[in-house]
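**Student:** please find the sequence and the predicted model below.
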Amino acid sequence: MLEWIESFSIAVWLRESPSVWSHPTVLTLHTTGMAVLVGAAYMLDLRLLGIGRNVPLSAYRWIFPVVAIGLTINLCTGVLLFAKNATSWGTATPFLIKMTLVIASVATLVPIRTLVLKGDIGQSEAGRARLLAIVSILAWSGAVTAGRLLAYLVVT
């Protein structure tokens with residue numbers, strides 16, 4: 001199945017084309033989407049950890065559409081990058097770790113979004129919010145690191 005994915009014409013083009021519009025552009029868009037996604041998530045996580053307490057939590061509602069844009073960009077470009085290297089990445093430990101951590105990171109956004117849409121949180125929810133923020137920061141950091149390690153640990 002992985003060989004079949006790599007045989008798609010777009011995967012072959014990304015892998016073999018010398019054009020700046022192939023792999024370099026997709027990789028640049030993936031990096032930009034990641035910066036938007038992870039940067040916005042970190043801003044919210046840091047607020048949940050107590051940085052900028054004078055700003056109401058409800059003021060951070062704008063982050064979720066931004067996160068959705070970054071996630072959409074990374075989903076599209078990530079599929080293309082995977083297709084280009086499906087046989088080597090499909091079974092590579094760093095890739096599997098990265099995907100697990102991305103899923104965990106996105107999963108933290110659901111309860112965090114509930115807290116933000118609710119407005120400022122009380123003492124009873126503050127501990128949970130801090131825990132979610134810590135898990136989010138660790139998971140995003142791990143996902144970015146594992147993704148970067150693909151270039152060094154997996155032969156393509």
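**Tutor:** All right, it came through fine. Nothing here was measured: the structure is a model prediction, and the numbers come from that model.
**Student:** who touches R53 in this structure?
**Tutor:** By CB atoms under 8 Å, 6 or more residues apart in numbering, R53 lies in contact with R47. Heads up, the C-betas are built off the backbone N, CA and C, glycines and all.
**Student:** any idea how far D120 is from it?
**Tutor:** The gap separating R53 from D120 is 10 Å, by CB to CB, to the nearest Å.
**Student:** ok, A35 - contacts?
**Tutor:** Residues near A35 by CB under 8 Å, 6+ apart: G70.
**Student:** after whichever strand or helix holds it comes which helix or strand?
**Tutor:** Assigned by DSSP states H and E, A35 falls within helix 23-48. Using DSSP H and E, the helix or strand that follows helix 23-48 in sequence is helix 63-84.
**Student:** pLDDT on that following helix, on average?
**Tutor:** Helix 63-84 shows a mean pLDDT of 97 in the predicted model.
**Student:** same question, stretch 12-23
**Tutor:** Stretch 12-23 carries an average pLDDT of 94.
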